[in-house]
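**Student:** I'd like to go over a predicted model; first the sequence, then the structure.
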Number of protein chains: 2
Amino acid sequence: MSTANLDAVFNPRSIAIAGVSTKAGHGQLGGNSYLDAMIRCGFKGQLYPVNPRGGEMRGIPVYPSVRDIPGHVDYVVSAIPSAGALQLTKECAAKGVKAIHFFTSGFSELGQPEGIQLEKDVLSVAREHGIRVIGPNCMGVYCPGSGVSFLADLCSDSGPVGVICQSGGNAIYVAREAARRGVRFSKVVSYGNASDVNETDLMEYMADDPETGIIMAYIEGVKDGLRFKKALERAARRKPVVVLKVGKSESGARAAASHTGSLAGSDRVWDALLHQVNAVRTHTIEEWIDMAVTFSFCSKPMGRKVALLGLGGGATVLAGDEANNEGLEIPGFPEEMRRRTAALLGSEAGTIINNPMDLSAEAWKVGYHPVLKVFSEYEDVDFSIVHFSVGLIARPRELHAEIWDKLLDDVVRAHGDFGKPIVVVIQMVTFSEHYAWMVQAREKCYGAGIPVYNSIRHAARSTVRYERYSQRRLELGT
Amino acid sequence: MSTANLDAVFNPRSIAIAGVSTKAGHGQLGGNSYLDAMIRCGFKGQLYPVNPRGGEMRGIPVYPSVRDIPGHVDYVVSAIPSAGALQLTKECAAKGVKAIHFFTSGFSELGQPEGIQLEKDVLSVAREHGIRVIGPNCMGVYCPGSGVSFLADLCSDSGPVGVICQSGGNAIYVAREAARRGVRFSKVVSYGNASDVNETDLMEYMADDPETGIIMAYIEGVKDGLRFKKALERAARRKPVVVLKVGKSESGARAAASHTGSLAGSDRVWDALLHQVNAVRTHTIEEWIDMAVTFSFCSKPMGRKVALLGLGGGATVLAGDEANNEGLEIPGFPEEMRRRTAALLGSEAGTIINNPMDLSAEAWKVGYHPVLKVFSEYEDVDFSIVHFSVGLIARPRELHAEIWDKLLDDVVRAHGDFGKPIVVVIQMVTFSEHYAWMVQAREKCYGAGIPVYNSIRHAARSTVRYERYSQRRLELGT
């Protein structure tokens, strides 16, 4: 089947949601949350809630069954118990539905004969009628361009990042958290048990998808190693592919088997494969999201020579160690450059005028703009990391407007004015006020095209991975 | 001099603060913030603000100079410019002051002959009159037991953790952030340039200090390697010592030299020394704080066999991988235990009933208490990690009270009821509401004696370090 009918999944003209409840919303995931999600994400086609009792929800009539829906139905979201899944599939077949997403769990992932058989039976009916199945046991599809969504709070703007994510929870997390860091999505697919549509189909689809420029894959296991390898190779030749392959350990693999029935496979084989095709491998979900941020905001090779700028002597020493540990070079500044910077400040007391640089005592007088100008004119530095260690400030509420906002505005201006890449780190978040400041600071940065990370370590690791990817791409001629 | 007169630093009867400003508070660090800090931290002795113009602040008379103070002065905090430091020291000598803390910077750390000479001159006068000097170029002392503090927002309760932290910014961060995770301090000292009181003096003092049960040291460099080694060895025989030795890289060492005039020394020598004396080495400030949490809440060896419990299939797979990667063992549960757990749940759909365990679909019905009871009765598990992946929940505000709070209360009750150690992880924080929930959830946990970490990785790394420390202690017979 491969990518056949997948367009109906991402761009359906009409969606039926089986398993809504006309009782007052209880906030749990299920039919109602899917209905809310589609409405809030601006789905333009017809929406048909389905419940045997009928009635009305959000001003839309509820149909007793899929067969009772008057119009044509492209796509069905099932949130009914697994016992009704086969009957629903048959009704969908009769209705000419093109794809069903089963949020419903209770199939092969339980490891019991009944669930395995049920999944087979559902698939058999679906295949017979050319219906694509997403899942079962997953969150399904978020495609902001068409208004398909699995949660009401997801961003309704589109972007270049396509996500293939077996896990529903991790799909939720990446869709939320990466969005808060400026990442925008073409489509996010949580495909659970992968009974039909699997990682390979999605890799093939996204490799060809003109709306997807960056592919992110969270993989617990693959069904057909050889086919996946080909699909990955082809995708990685066309666009950056970032892989979070889990189930590396015995306990992780055991959990993956129980979670989505996946066989994790040898971790060494995965390492070799990913290296060979120049897909970027990450090891935690934070690192994985970091690479979505990196590829979203960086378009040409950045190099590895970095200038580090921030407040706090101790934070500066740590920054130097951590950036270096991840593989960045932090060249000491030449005498002339230090003299120019010192001249800007007037006094050097309480500062470190070198690389890494700490402007603690003087930052609020001079600001970062003139300093970043000096950095930008120094050829031996490829880019700058500016770190905001917000937990160091004396009185969070009073000082935000005065100091941190000014410094952040300086960074945004410098990024526009001088043309040399700047990366921002917001770290040492302690109070709720710091977190709130971080949220709006991130928005300001990504609005200006600046990537933001949660630590020097994460920023350095990501930029080194990006540089390695770029270099390897040149070598491979892709 | 070693530890002579250090009692006057931590338990002064009276404090003069030179360099307050009677102009409206501008929120910056300096004399006024020290005065506020002492008042808010409940300093019981006499407080004497000093400014040549005199006047009154916070209802307290301001004296034109230290000499003009009517009563006896034990301890002086200097926030005046460095140009006045020598004169101030002479006045303190005439007044019979026992210790001066120079928040003031502009001394040897600038690497210029004038600053180096000034620091020598100040020290020479101080030594001649038996005055101890903290700094210059540092935050100084936070000792909640006596009400000495360097920031007004620091916790006024005491506890067993003593911190030796050359950097002022990092001292602020640890004092704030570790406190928010339940760590309470005996004393925190930021000693900057270490012109007099240095890491070795403080290590000796804290080794003997009955109020300090755990020593945390952030070190950029030491003045006298041999003496430090002896002090460290002696301290580590008596209590846990956790070291964050920075300046590992060339750029970090360069920054350390400029920050506090420190020579970082060979990193391999440090590794060998710390291993030899069984001091715990950490590599980031987060890991360092993690160990303060760990030693504050764990009192006996915990073992390495862990049961992992949480919500979210993907989060669970990742948890298994990350815990294993850090060196924990995650034994698969035997058939009987899985049967008992499954019986509690009724349905296994959308769960993973093994180790690691995911109760996603069923958690809110059953809760964690009965599941943790089953864990506690299983001998092949030493402790449990329960992870709250708060970014996975559907509607943050609605669901907190219903689900996460109930689950957290279950963990707290189980910790009290079953006697087997439990560790909590709160991760995948996305929205400001999650952060706010985390803040109060941490308080609930530490109030019940449960340590909280920010990721499985950090929890696992810390418990493995703790276990290694405990084992080594048995081997060394300390």
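**Tutor:** It's in. Numbers count the residues shown, from 1 in each chain, chains lettered A, B, ... in the order given.
**Student:** Every contact and neighbour count from this point should use C-alpha atoms.
**Tutor:** Noted.
**Student:** check contacts around the residue nearest the centre of chain A.
**Tutor:** By C-alpha atoms, centre = their mean, the mean C-alpha position of chain A lies nearest to A:Val174, the distance being 4.1 Å. Contacts for A:Val174 were tallied using C-alpha atoms under 8 Å, 6 or more residues apart in numbering or on different chains; they are A:Ile289.
**Student:** make it 10 Å
**Tutor:** By C-alpha atoms under 10 Å, 6 or more residues apart in numbering or on different chains, A:Val174 lies in contact with A:163, A:165, A:168, A:180, A:183, A:188, A:285-286, A:288-289, A:292, B:391-392, B:428, B:430.
**Student:** what's the closest residue to chain B within the stretch 51-200 of chain A in contact with, if anything?
**Tutor:** When distances are taken as C-alpha to the nearest C-alpha, the stretch 51-200 of chain A reaches nearest to chain B at A:Gly106, 4.3 Å away. The contact partners of A:Gly106, by C-alpha under 10 Å, 6+ apart, come to A:81-83, A:112, A:114-116, A:118-119, A:136-137, B:347-351.
**Student:** cutoff 8 Å now
**Tutor:** Contact partners of A:Gly106, counting by C-alpha under 8 Å, 6+ apart, are A:82, A:115, A:137, B:348-350.
**Student:** State the phi and psi torsions of it.
**Tutor:** Dihedral angles of A:Gly106 (phi, psi; degrees, to the nearest 10) stand at phi 110, psi 30.
**Student:** How about the contacts made by A:Ala99?
**Tutor:** With C-alpha under 8 Å, 6+ apart, A:Ala99 has these contacts: A:5-6, A:8-9, A:74-76, A:131-134.
**Student:** Report the buried members of those.
**Tutor:** Neighbour-count burial (16 or more other C-alpha atoms under 10 Å in any protein chain shown) applied to those gives A:6, A:8-9, A:74-76, A:131-134.
**Student:** Just the residues contacting stretch A:373-383, thanks.
**Tutor:** A:302-307, A:331, A:337, A:340-341, A:384, A:414, A:418-423.
**Student:** go again using 10 Å as the cut-off
**Tutor:** A:301-309, A:329-334, A:337-338, A:340-341, A:344, A:369-370, A:372, A:384, A:414-415, A:417-423, A:463.
**Student:** Check the residues you listed one by one and keep those near chain B.
**Tutor:** A:329-332 (C-alpha under 10 Å from any C-alpha of the partner chain).
**Student:** Of these, which is the nearest to chain B?
**Tutor:** Nearest to chain B among those: A:Ile330, at 6.1 Å, using C-alpha to the nearest C-alpha.
**Student:** Quick check: of the contacts of A:Gly106, which has the highest neighbour count?
**Tutor:** A:Asn137 (30 neighbours; other C-alpha atoms under 10 Å in any protein chain shown).
**Student:** Quick check: closest non-adjacent residue to that one.
**Tutor:** A:Ser105 (4.2 Å; C-alpha to C-alpha, 6 or more residues apart in numbering or on different chains).
**Student:** Tell me the pLDDT of that neighbour.
**Tutor:** Here the pLDDT value assigned to A:Ser105 is 86.
**Student:** just checking, it touches A:Ile116?
**Tutor:** No: the pair A:Ser105 / A:Ile116 is not scored as a contact, 11.5 Å apart, by C-alpha atoms under 10 Å.
**Student:** Look at these two and report which has more neighbours.
**Tutor:** Neighbour tally, A:Ser105 and A:Ile116, criterion other C-alpha under 10 Å: the higher count belongs to A:Ser105, 26 against 16.
**Student:** What distance separates the opening and closing residues of stretch A:236-255?
**Tutor:** With C-alpha to C-alpha, to the nearest Å applied, stretch A:236-255 spans 28 Å between its terminal residues.
**Student:** Name the residues of that stretch that are buried.
**Tutor:** A:236-237, A:239-255.
**Student:** One more: stretch A:415-431?
**Tutor:** For stretch A:415-431, by 16+ other C-alpha under 10 Å, it's A:415, A:418, A:420-431.
**Student:** What is the nearest of those to chain B?
**Tutor:** A:Thr430 (5.6 Å).
**Student:** Let me see the contact set for the closest one.
**Tutor:** A:389-392, A:396, B:173-174, B:176-180, B:435, B:439.
**Student:** Look up phi and psi at it.
**Tutor:** phi -120, psi -60.
**Student:** quick one on the thing from earlier: show me which of the buried residues of stretch A:236-255 neighbour chain B.
**Tutor:** Counting by C-alpha under 10 Å from any C-alpha, the members of the buried residues of stretch A:236-255 near chain B are A:244-255.
**Student:** Same list (those) but as JSON lines, adding pLDDT, secondary structure and distance to B:Lys23.
**Tutor:** Listed next are those as JSON lines, based on pLDDT from 0 to 100; DSSP: H, G, I helix; E, B strand; the rest coil; distance: C-alpha to C-alpha, whole Å:
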{"residue": "A:Leu244", "pLDDT": "97", "secondary structure": "strand", "distance to B:Lys23": "56"}
{"residue": "A:Lys245", "pLDDT": "94", "secondary structure": "strand", "distance to B:Lys23": "59"}
{"residue": "A:Val246", "pLDDT": "92", "secondary structure": "coil", "distance to B:Lys23": "59"}
{"residue": "A:Gly247", "pLDDT": "89", "secondary structure": "coil", "distance to B:Lys23": "62"}
{"residue": "A:Lys248", "pLDDT": "86", "secondary structure": "coil", "distance to B:Lys23": "61"}
{"residue": "A:Ser249", "pLDDT": "85", "secondary structure": "coil", "distance to B:Lys23": "62"}
{"residue": "A:Glu250", "pLDDT": "86", "secondary structure": "helix", "distance to B:Lys23": "65"}
{"residue": "A:Ser251", "pLDDT": "84", "secondary structure": "helix", "distance to B:Lys23": "62"}
{"residue": "A:Gly252", "pLDDT": "84", "secondary structure": "helix", "distance to B:Lys23": "61"}
{"residue": "A:Ala253", "pLDDT": "83", "secondary structure": "helix", "distance to B:Lys23": "64"}
{"residue": "A:Arg254", "pLDDT": "84", "secondary structure": "helix", "distance to B:Lys23": "65"}
{"residue": "A:Ala255", "pLDDT": "83", "secondary structure": "helix", "distance to B:Lys23": "63"}
